[in-house]
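Participant: I need the structure of the sequence given here:
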Amino acid sequence: MFERLKAMLVKEFIQVFRDPKMRVIIFVLPIFQTIVFGYAVNTDVRDIKTAVYDLDNSPASRDLIARFAESGYFRIVEHVYGDRRVEELIDQGTVKAVLRMNRGFGAELGAGRVAPLQILLDGTDSNTAGIVLTYTGMITAGYNDRIRLEQAARAFGPSFRVGGVEMESRAWFNENLESRNFYVPAVIANIVFIITMLLSSMAVVREKEIGTMEQIIVTPIRRSEFILGKTVPFILIGFIDVALITLVAAFWFDVPIRGSIPLLFGATALFLMSSLGFGLLISTVSRTQQQAMMSAFFFIFPAMLLSGFAFPIENMPETVQWLTFLNPLRYYLVIIRGIFLKGVGLSILWQQLLALFLLGIVILGFAVSRFRKTL
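Facilitator: Take a look at the predicted model:
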């Protein structure tokens with residue numbers, strides 16, 4: 001058995017690594033993709049391009065505008081003086097927000113009345129628009145508090161004091177609330193998933209296309225040995241890719257790794273059982289490599305969308321949430337984020353690990369049962 005398996009493994013490694021382009025795809029491209037996605041997949045909203053339409057031009061309006069500019073969230077790119085220019089800037093996407101203060105803004109505040117501040121938003125991206133509204137509310141609330149204190153001090157004397165509540169917040173696991181720390185570990189999972197799925201989905205069908213399946217059929221190798229010989233090289237490739245991308249995440253993007261590295265690789269092994277199982281299943285039912293690749297992509301993208309990578313599973317319809325329980329990527333993302341950011345171990349992640357193990361056994365077993373040593 002071991003001699004037959006050894007021969008199969010040597011054959012697979014030679015077949016995978018003899019092409020220099022394939023070596024680049026397997027080892028260099030994941031690092032490049034991690035760097036690109038690490039910078040691109042970022043939901044932090046800063047440096048919001050903002051225009052100001054100040055019809056009052058009073059000390060009060062200029063003071064409020066200065067608060068927006070000094071907050072670090074807004075960048076004033078233009079002062080406009082007409083409604084048509086406001087429409088042009090928003091239509092062209094030049095700015096994401098426009099602050100408008102009408103005439104009499106400062107006088108209304110000085111008289112102790114409410115002065116309206118209008119903010120016009122580009123609502124094309126609803127997520128960004130909502131965050132901009134939150135920032136605007138924080139800045140105006142702070143400005144209102146200062147005005148009330150100044151008015152009270154003028155009315156009751158400089159010794160006047162008023163009580164209040166000061167919030168002190170502390171975020172666990174991601175102290176600076178950087179979205180990169182949340183997304184980069186998920187990028188690792190997605191890249192490993194894509195590479196191993198694509199490689200394994202073409203493993204069997206490639207033998208049919210290049211005409212070597214006939215030679216395998218006449219050998220005494222068993223079905224389980226053939227599948228094992230096909231999967232072991234891709235498992236090793238998956239481990240190497242996880243190690244390389246983890247180094248990039250830790251030393252390039254400063255993503256913390258607070259948990260156990262052996263647990264990370266153990267979870268990766270369980271995840272690869274499902275990933276490679278799906279790929280081999282596609283390969284056994286496909287007639288050409290092109291058909292196998294297209295079938296793999298039809299599975300990869302729904303799996304990524306339903307994994308919780310970018311969209312919370314809790315916000316999905318209940319029927320779709322039930323479907324996500326069949327998605328191994330869902331469990332692997334919880335594990336990899338827990339290891340990287342929270343530093344949790346087996347006592348917390350055992351449910352996800354058990355789910356990966358059960359899915360892997362079922363999927364890989366079904367892929368083995370589908371394979372036949374026949375043409």
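Participant: got the confidence number for residue 324?
Facilitator: As predicted, residue 324 sits at a pLDDT of 92.
Participant: meant to ask about residue 354
Facilitator: pLDDT, residue 354: 96.
Participant: domain assignment for the chain?
Facilitator: What automatic domain parsing lists as the domains of the chain is 2-42+178-370, 48-156.
Participant: can you tell me which of those domains is nearest to residue 171?
Facilitator: Closest to residue 171 of these, according to CB to CB: domain 2-42+178-370, at 10.1 Å. For the C-beta atoms, the positions are set from N, CA and C on the backbone; glycine is no exception.
Participant: those strands in the protein, which residues are they?
Facilitator: With DSSP state E, the ranges of strands along the chain come out as 48-54, 74-79, 97-101, 118-121.
Participant: and stretch 346-366, how far out from the chain's middle?
Facilitator: Put simply, stretch 346-366 sits 22 Å off its chain's centre (CA atoms, centre = their mean, to the nearest Å).
Participant: ugh, wrong one, stretch 322-336
Facilitator: With CA atoms, centre = their mean as the basis, stretch 322-336 stands 14 Å off its chain's centre.
Participant: hang on, the earlier thing: how about the strands of the chain, which one is nearest residue 250?
Facilitator: That would be, of the strands of the chain and by CB to CB, strand 48-54, which comes in at 30.4 Å.
Participant: before we move on, back to that, dump the strands of the chain to TSV, plus mean neighbour count and mean pLDDT.
Facilitator: Putting those into TSV (neighbours: other CB atoms under 10 Å; pLDDT from 0 to 100) gives the following:
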stretch	mean neighbour count	mean pLDDT
strand 48-54	20	93
strand 74-79	16	92
strand 97-101	21	92
strand 118-121	16	92
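Participant: okay, those strands in CSV with distance to residue 180 next?
Facilitator: As requested, the strands of the chain are exported to CSV (distance: least, CB to CB, whole Å):
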stretch, distance to residue 180
strand 48-54, 18
strand 74-79, 21
strand 97-101, 24
strand 118-121, 25
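Participant: for residue 343, find the nearest of the ones you listed.
Facilitator: Taking the strands of the chain one by one with CB to CB, strand 48-54 is closest: 33.7 Å.
Participant: so what's residue 286 closest to, chain neighbours aside?
Facilitator: residue 292 (3.8 Å; CB to CB, 6 or more residues apart in numbering).
Participant: I'd like to know how many residues surround that neighbour.
Facilitator: Other residues lying near residue 292 total 25 when counted by other CB atoms under 10 Å.
Participant: that one contacts residue 284, doesn't it?
Facilitator: No. Counting by CB atoms under 8 Å, residue 292 does not reach residue 284; the two are 9.5 Å apart.
Participant: tell me, what's touching those two both at once?
Facilitator: residue 205 (CB atoms under 8 Å, 6 or more residues apart in numbering).
Participant: residue 21 and residue 28, how far apart?
Facilitator: Going from residue 21 to residue 28 by CB to CB, to the nearest Å gives 10 Å.
Participant: those two: which is more packed in?
Facilitator: residue 28 (11 against 7).
Participant: for that one, give me its contacts.
Facilitator: Counted by CB under 8 Å, 6+ apart, residue 28 has zero contacts.
Participant: cool, residue 46 as well?
Facilitator: Contact analysis of residue 46 by CB under 8 Å, 6+ apart lists 72-73.
Participant: read off the pLDDT value for it.
Facilitator: Predicted confidence (pLDDT) for residue 46: 80.
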